[in-house]
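**Student:** got a sequence here, can you build the structure:
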Amino acid sequence: MSDRVREVIAGVVHVLRAWLLGRVISMIAIEVVIGIGLTLLDISLALVLGVITGLLEFIPVVEPILSAVSAIVVAISQGFMPAVYVAIFYLVVQQLEGNVVTPIVQQKTVSLPPAITLVAVLAMGAVFGVLGSQRGARSE
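**Tutor:** Numbering: from 1, shown residues only. Here you go, the predicted model:
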């Protein structure tokens, strides 16, 4: 292998490690926020749901749906209004995570300028709708 190929591979490995670190940081942040938020909403199994949400954070596009549905199912056992509050809470958290937290974390870990992340989110949203904008935010 030539020195240039090794250099490129080393660069790619470095960027992928930084990206993975950014994903782990985002996963932990969302896990903590969801755990605390569901605890404040007095939802049973709040910490478990926080951990599930944090682990599912690695899966793009379907993660918000899977994690929210599991929390709403648990909350519905406590009544209709707690389930509504959980749904609103998840919607707000996922929007903040996809449009604020992830771009900032990725900028810090992968040195990706926020403007590029914002353009990617807007482009994916324009092409694929709401699910596209979530995917664009998560893929950066």
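**Student:** which residues of the protein fall in helices?
**Tutor:** Using DSSP state H, the helices of the chain run over 3-40, 46-56, 63-76, 80-96, 102-110, 114-139.
**Student:** as a markdown table, those helices with mean neighbour count and mean pLDDT would be great.
**Tutor:** C-beta coordinates here come from the backbone N, C-alpha and C atoms, glycine included. Below are these laid out as a markdown table (neighbours: other CB atoms under 10 Å; pLDDT from 0 to 100):
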| stretch | mean neighbour count | mean pLDDT |
| --- | --- | --- |
| helix 3-40 | 15 | 87 |
| helix 46-56 | 19 | 92 |
| helix 63-76 | 19 | 91 |
| helix 80-96 | 16 | 94 |
| helix 102-110 | 19 | 78 |
| helix 114-139 | 17 | 60 |
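**Student:** and the residue most central in space within the chain, what does it touch?
**Tutor:** Nearest to the geometric centre of the chain sits E57, at 4.9 Å (CA atoms, centre = their mean). Residues in contact with E57 (CB atoms under 8 Å, 6 or more residues apart in numbering) are 23, 26-27, 30-31, 63, 67, 97.
**Student:** for those residues, work out which two are farthest apart.
**Tutor:** Distance extremes for the contacts of E57: the farthest pair is R23 and S67 at 15.2 Å, using CB to CB.
**Student:** wait, what's in contact with L47?
**Tutor:** Counting by CB under 8 Å, 6+ apart, L47 has contacts 35, 38-39.
**Student:** change it to 10 Å
**Tutor:** 31-32, 34-36, 38-39 (CB atoms under 10 Å, 6 or more residues apart in numbering).
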